[in-house]
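*Asks:* sequence and predicted model, in that order:
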Amino acid sequence: MFDDVNDLYQQVILDHCKKPRNFHELPQCSCSAQGHNPLCGDQLKLFLTLDGDVIREASFVGQGCCISKASASLLTENIKGKTKAEALATFELVRELVTTGKATGEVGKLAVFAGVYKYPARVKCAILSWHALTAALKGEGVPVSTESEKN
Ligand code: ZN
């Protein structure tokens, strides 16, 4: 599926797919959320640690296709240090990027997903982790994990 994406972008995605960054749970997280893309079989859980309005730590676990894993890996790198509002604004840019191939703002490394718009079935893979991010931020202070009994 990468025939039309340039080599650099392909290499970054494959690298993050094979060696996902921040690929672990955050036991002391402020909030978390699960994402599931039944069309592809992607499943992931995102963990965030907040300091006031700022995202200090982000991590994920899960399984899925290369695009979904690379997207979650790059997401965790991208949002660290951002405010909640900045992270959600970045989601809007990513959504724009993967559905049109262009973004109207600075997306940094996330530009590697510019080619995804040519493959509509993959768009949901690319933004699954961002949906999980939105769910986690909305559920702040109320972990959705059924395993969490701590306050
Ligand atoms: Zn997928």
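*Replies:* All right, it came through fine.
*Asks:* am I right that C29 sits in a helix?
*Replies:* No: according to DSSP: H, G, I helix; E, B strand; the rest coil, C29 belongs to no helix; its state is coil.
*Asks:* that one and the ion: what is the separation?
*Replies:* 24 Å (CB to the ion, to the nearest Å). C-beta coordinates here come from the backbone N, C-alpha and C atoms, glycine included.
*Asks:* pLDDT weak spots in this structure?
*Replies:* For the chain, residues meeting the criterion pLDDT under 70 lie at 1-6, 140-151.
*Asks:* can you give me the buried ones in the lengthiest helix in it?
*Replies:* Ranked by residue count, the top helix of the chain under DSSP state H comes out as helix 120-138. By neighbour count with 16 or more other CB atoms under 10 Å, helix 120-138 contains the buried residues 122-137.
*Asks:* that one vs the ion: in contact?
*Replies:* Yes: for helix 120-138, a contact with the ion is found by CB under 5 Å from the ion, at C125.
*Asks:* closest to the ion among the buried residues of helix 120-138?
*Replies:* When the buried residues of helix 120-138 are compared for distance to the ion (CB to the ion), C125 wins out at 3.1 Å.
*Asks:* show me the contacts for the closest one.
*Replies:* N37, C40, D42, G64, C65, I67, S68, S71, V116 (CB atoms under 8 Å, 6 or more residues apart in numbering).
*Asks:* out of those, who's the most crowded?
*Replies:* Counting neighbours by other CB atoms under 10 Å, S71 leads the contacts of C125 with 32 neighbours.
*Asks:* so which bits of the protein are right by the ion?
*Replies:* C40, D42, C65, S68, C125.
*Asks:* those: which two are farthest apart?
*Replies:* By the measure CB to CB, C40 and S68 form the most distant pair in those, at 6.9 Å.
*Asks:* let me see the ranges of the strands in the protein.
*Replies:* Along the chain, the stretches classed as strands by DSSP state E are 31-37, 42-51, 54-63.
*Asks:* tell me what the second one is packed against?
*Replies:* If contacts are counted by 3 or more CB pairs under 8 Å, 6 or more residues apart in numbering; DSSP states H and E, strand 42-51 sits against strand 31-37, strand 54-63, helix 66-79, helix 120-138.
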